[in-house]
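below is the sequence, then the predicted model.
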Amino acid sequence: MERRAPMNAYYFLFIAVTTIACVISTILYIRDKEAFAFSHRNYWRFIFVPWKVVMFSIAGIGLTLIAPYTGDPTWDYFDAAVMSILCYLSAPWAVGAIYKSARRELPVKQGFVALCVWMFTVSLFYELYLLARDGTYNPLWIPNIFASSSLYAMAGLLANLHWTPERGTIFAFMEKDWPSPIPGPMFRKVMWFALILASLVGLLVLLFLVDIPGYR
């Protein structure tokens, strides 16, 4: 009979604290929706430009299709697809909001909400799903936070690539009017930077999934 991994008190403490933080962040958002960029049409117009849709579709579909064949039993079609979608929808805002909050261009509460959205996407959803599916904790929960956060951060940076005549290629959240729809054919201006970031994302996925110690 297969032995289950021993329950980890720190793991369940992390789940409890992160869940409480996410509940608090949801309340903060509901009480002041209009202050958050993702409540406005401009944010959705900002992330749903064609080149971003194409790049993230390729990455998300590719990750979802290979998930059950990576040798990592925690990955399946469902969690790979949901986490890819959540990353695409939230990472551009979360990365930018944390940057602006650190620079005091946004209130601290927005940075807190962004951090909770980040942690829900890269870890809490994943761990709660595995608990429901397998009935036991994931022994790789700490490495997963760092690996998934690296991918999340780079996805957020990729979606925020921006070009201006005065400053050249920058990140859109460095602009005062962020996030706002970017007029004109922007991709050819940021193409090489986008390809570099996309390649780094692909490399990280490969390194993370090629060998899962203790799982094979």
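Arrived safely, thanks for sending.

OK, contacts around the nearest residue to His162 once chain neighbours are set aside?
Take His162 and drop its neighbours on the chain: the residue closest to it by C-beta to C-beta, 6 or more residues apart in numbering is Ala172, 3.9 Å away. Yep, even glycine has a C-beta here, placed from its N, CA and C like the rest. By C-beta atoms under 8 Å, 6 or more residues apart in numbering, the residues touching Ala172 are Phe46, Gly96, Asn160, Leu161, His162, Trp178, Pro179, Ser180, Ile182.

now with 6 Å?
Asn160, His162, Trp178 (C-beta atoms under 6 Å, 6 or more residues apart in numbering).

low-confidence bits of the chain, can you list those?
1-7, 181-187, 205-216 (pLDDT under 70).

can you pull the buried residues of whichever strand or helix holds Ala16?
Following DSSP states H and E, the helix or strand that holds Ala16 is helix 9-31. Neighbour-count burial for helix 9-31, counted by 16 or more other C-beta atoms under 10 Å, picks out Tyr11, Phe14, Ile15, Thr18, Ala21, Cys22, Ser25, Leu28, Tyr29.

now swap in stretch 69-83 and tell me
Thr70, Asp72, Thr74, Trp75, Asp79, Ala80, Ala81, Met83.

need the max-distance pair from the residues you listed.
Asp72 and Ala81 (15.2 Å; C-beta to C-beta).

quick one: neighbours of Leu115, just the number.
Using other C-beta atoms under 10 Å, Leu115 has 17 neighbouring residues.

how about it, phi and psi?
Backbone torsions of Leu115, given as degrees, to the nearest 10, read phi -60, psi -40.

nearest spatial neighbour of it, skipping sequence neighbours?
Excluding its sequence neighbours, the residue lying closest to Leu115 (C-beta to C-beta, 6+ apart) is Ile98, at 6.4 Å.

wait, that neighbour sits on Gly111?
Yes - the pair Ile98 / Gly111 is scored as a contact, 5.3 Å apart, by C-beta atoms under 6 Å.

of the two, who's got more company?
Ile98 (22 against 19).

now the more buried one, what's its secondary structure?
Three-state call for Ile98 (DSSP: H, G, I helix; E, B strand; the rest coil): helix.

next one: Trp163
strand.

quick one: contacts for it?
Thr169, Lys189, Val190 are the contacts of Trp163 under C-beta under 6 Å, 6+ apart.

distance of the closest residue to it other than its chain neighbours from Ser180?
Distances taken as C-beta to C-beta, 6+ apart place Lys189 nearest to Trp163, at 3.7 Å, with adjacent residues excluded. Counting by C-beta to C-beta, to the nearest Å, the gap from Lys189 to Ser180 is 16 Å.

so Pro139 is in which element?
Residue-wise, Pro139 maps onto no helix or strand under DSSP H and E.

just the one 5 residues further on next, same as before
Element membership for Asn144, per DSSP H and E: helix 141-159.

what sits closest to Leu161 if chain neighbours are left out?
Val190 (4.1 Å).
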